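# Got a predicted structure plus its sequence, pasted below:
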Amino acid sequence: MQGSGNMGTVMSKVSYLQGLIDGLGISSDSKEGKAIVEIVKVLKEVGAELEELQSYQEELEEYVDAIDEDLNSVEEDLYEDFDDEDDDDDDCCCDDYIDLVCPHCNETVYIDTDIFDENEEISCPNCHKSIDLECNCCDDK
């Protein structure tokens, strides 16, 4: 993590300030001394919170890395299965959809192969005239 060097630096700087205060003999008897002592206490708490956040961040990064590895594994399995399915479909040019040109309006019509297999004709969605369903690319129809 990028900030890990800074955490030690922050805590060491706070410790240095605490040593300075002790070495200078600054006590909480005066108003200024009391303010300085309280500032150092707050800085210690902030440093401790930063260390805790750093720890949580490192745990979160490890968790995200583990999820990323798992996701990559799932993607590899999924695409491997998908590639296998594609290889099986190479026998026929009629994959999931068949495109036909309507003989009446010359619009290209895309038809799901399930519909194609169940019907001998359909209505053109553009001109609403009947289109005979014939597949010349394979022996299905």
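Great, that's in hand.

# so residue 122 is in which element?
Here residue 122, judged by DSSP states H and E, is contained in strand 121-123.

# Against which helices or strands is that strand packed?
Contact analysis of strand 121-123 by 3 or more Cβ pairs under 8 Å, 6 or more residues apart in numbering; DSSP states H and E lists strand 130-132 as its packing neighbours. Every residue, glycine included, has its C-beta placed from N, CA and C.

# so what secondary structure elements neighbour the strand it packs on?
Counting contacts by 3+ Cβ pairs under 8 Å, 6+ apart, the secondary-structure elements packed against strand 130-132 are strand 121-123.

# if you average pLDDT over stretch 48-61, what comes out?
Along stretch 48-61, the predicted local confidence has a mean pLDDT of 93.

# chain center to it: distance?
Taking Cα atoms, centre = their mean, to the nearest Å, the mean C-alpha location of stretch 48-61 is offset from the chain mean by 22 Å.

# mind saving the C-alpha coords of it as PDB?
The C-alpha coordinates for stretch 48-61 follow below in PDB (Å, rounded to 0.1, in the frame of the first residue of the first chain):
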ATOM      1  CA  ALA A  48      -4.100   5.300  15.800                       C
ATOM      2  CA  GLU A  49      -7.200   5.700  13.700                       C
ATOM      3  CA  LEU A  50      -5.100   6.000  10.600                       C
ATOM      4  CA  GLU A  51      -3.200   2.700  11.500                       C
ATOM      5  CA  GLU A  52      -6.600   1.000  12.000                       C
ATOM      6  CA  LEU A  53      -7.900   2.300   8.600                       C
ATOM      7  CA  GLN A  54      -4.700   1.100   7.000                       C
ATOM      8  CA  SER A  55      -5.200  -2.300   8.400                       C
ATOM      9  CA  TYR A  56      -8.800  -2.400   7.200                       C
ATOM     10  CA  GLN A  57      -7.700  -1.200   3.800                       C
ATOM     11  CA  GLU A  58      -5.100  -4.000   3.500                       C
ATOM     12  CA  GLU A  59      -7.700  -6.600   4.500                       C
ATOM     13  CA  LEU A  60     -10.100  -5.100   1.900                       C
ATOM     14  CA  GLU A  61      -7.500  -5.200  -0.800                       C
END
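
# picking up where we left off before, for the strand holding residue 122, which strands pair with it and how are they oriented?
Strand 121-123 pairs in its sheet with strand 130-132 (antiparallel), by DSSP bridges.
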